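Engineer: Predicted structure and sequence below. I'll ask about it afterward.
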Amino acid sequence: VRGVVELAHGVFTQSQVSDLRQLERTFSIRANDVFFGVYGGALRQKMALEMPKAALRVVPEGFTDDEALSEGRIDLAICATNTFSADIKVQRLFSCPFVGLAREDHPIFEHPITAQRFVEYDHISVSRRGHARGPIDTVLAQQGLERRVSFTTPTFYSAIFALAGANLILPLMPQVLLNTLEPMGLKLRAFDLPIPLQPVDIVQAWHPRLDNDHAHRWLRRTLKTFCDNSVF
């Protein structure tokens, strides 16, 4: 039954008026603060010019994966490469490398940053599920090292603000976020990680019933163009 309903939805969608300036619609996008911290402003500006009557609703990532795309509760999911059901369309947006981040006068900058010195200071873990451990700990363990995580937070921006006036280290700072820090006036400094970590692929995913949706195609194309033109 769902398949028939979705097919009918697609037929009606294709017949909608193609003038995006007259479209009154709210797009629900599931993404974390990293993506909208970098691209949210540009997306809102472009929508104001080309789709001025439309609205944007950012839905936070949940603790568990669900059927939000299939059930139509969100229009687009933007996340690290994940396992979606077979019917979901997925497009790679960019590869996200990581750097370390600390306040600019942190003692870690007094000498070359080695893996040993890297674990001498307390770390911040960013996890929406509250996890203090992750892939970085596996890599450290292979070198016989272990870090101490003294602060866990669900968002990167809360982690960034926690660095001021503390000897904490944010070890997995998405490099794409660095350009957003300068306007804030935060006295922070990035550094290359002294351990090998693979970048994470960021994708956008949607249900195929929206393939031919004129406005949804505009949204996907706009986001993909922003990502393609970014230099990290």
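Structural biologist: Nice, I can see it. Numbers count the residues shown, from 1 in each chain.
Engineer: correct me, but residue 196 touches residue 139?
Structural biologist: Yes - if you go by Cβ atoms under 8 Å, residue 196 and residue 139 touch, sitting 6.6 Å apart. No exception for glycine: its C-beta is placed from N, CA and C like everyone else's.
Engineer: higher neighbour count, the two?
Structural biologist: Remark: of residue 196 and residue 139, residue 139 carries more neighbours, 16 against 7, as counted by other Cβ atoms under 10 Å.
Engineer: any idea which element the more buried one lies in?
Structural biologist: Residue 139 is located in helix 135-142, with elements delineated by DSSP states H and E.
Engineer: now that helix, how far from the centre of its chain.
Structural biologist: Put simply, helix 135-142 sits 23 Å off its chain's centre (Cα atoms, centre = their mean, to the nearest Å).
Engineer: contact partners of whichever helix or strand comes after it?
Structural biologist: Next along the chain after helix 135-142, taking DSSP H and E as the criterion, comes strand 149-153. Residues outside strand 149-153 that contact it (Cβ atoms under 8 Å, 6 or more residues apart in numbering) are 122-127, 130-133, 159, 162, 168.
Engineer: Which two among those residues are spaced furthest apart?
Structural biologist: 133 and 162 (18.5 Å; Cβ to Cβ).
Engineer: how close does residue 70 get to residue 52?
Structural biologist: If you measure residue 70 against residue 52 using Cβ to Cβ, to the nearest Å, the figure is 30 Å.
Engineer: These two: which is more packed in?
Structural biologist: residue 70 (16 against 12).
Engineer: contacting residues around the closest residue to the more buried one other than its chain neighbours?
Structural biologist: Nearest residue to residue 70 in three dimensions, chain neighbours excluded: residue 207, at 5.9 Å (Cβ to Cβ, 6 or more residues apart in numbering). The contact partners of residue 207, taken as Cβ under 8 Å, 6+ apart, are 6, 69, 70, 72, 87, 88, 89.
Engineer: what's the answer for residue 176, then?
Structural biologist: So residue 176 contacts 34, 38, 94, 96, 230, 232 (Cβ under 8 Å, 6+ apart).
Engineer: all helices for this structure, in order.
Structural biologist: In the chain, the helices defined using DSSP state H lie at 2-14, 33-50, 115-118, 135-142, 156-162, 214-228.
Engineer: As a markdown table, those with distance to residue 178 and mean pLDDT would be great.
Structural biologist: Output for these, formatted as a markdown table (distance: least, Cβ to Cβ, whole Å; pLDDT from 0 to 100):
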| stretch | distance to residue 178 | mean pLDDT |
| --- | --- | --- |
| helix 2-14 | 39 | 52 |
| helix 33-50 | 10 | 92 |
| helix 115-118 | 19 | 97 |
| helix 135-142 | 19 | 95 |
| helix 156-162 | 10 | 92 |
| helix 214-228 | 16 | 95 |
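Engineer: what comes up buried for stretch 215-229?
Structural biologist: 215, 216, 218, 219, 220, 222, 223, 226, 227 (16 or more other Cβ atoms under 10 Å).
Engineer: a markdown table for the residues you listed, including distance to residue 117?
Structural biologist: A markdown table is the format used below for the buried residues of stretch 215-229 (distance: Cβ to Cβ, whole Å):
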| residue | distance to residue 117 |
| --- | --- |
| 215 | 51 |
| 216 | 48 |
| 218 | 48 |
| 219 | 45 |
| 220 | 44 |
| 222 | 43 |
| 223 | 39 |
| 226 | 37 |
| 227 | 34 |
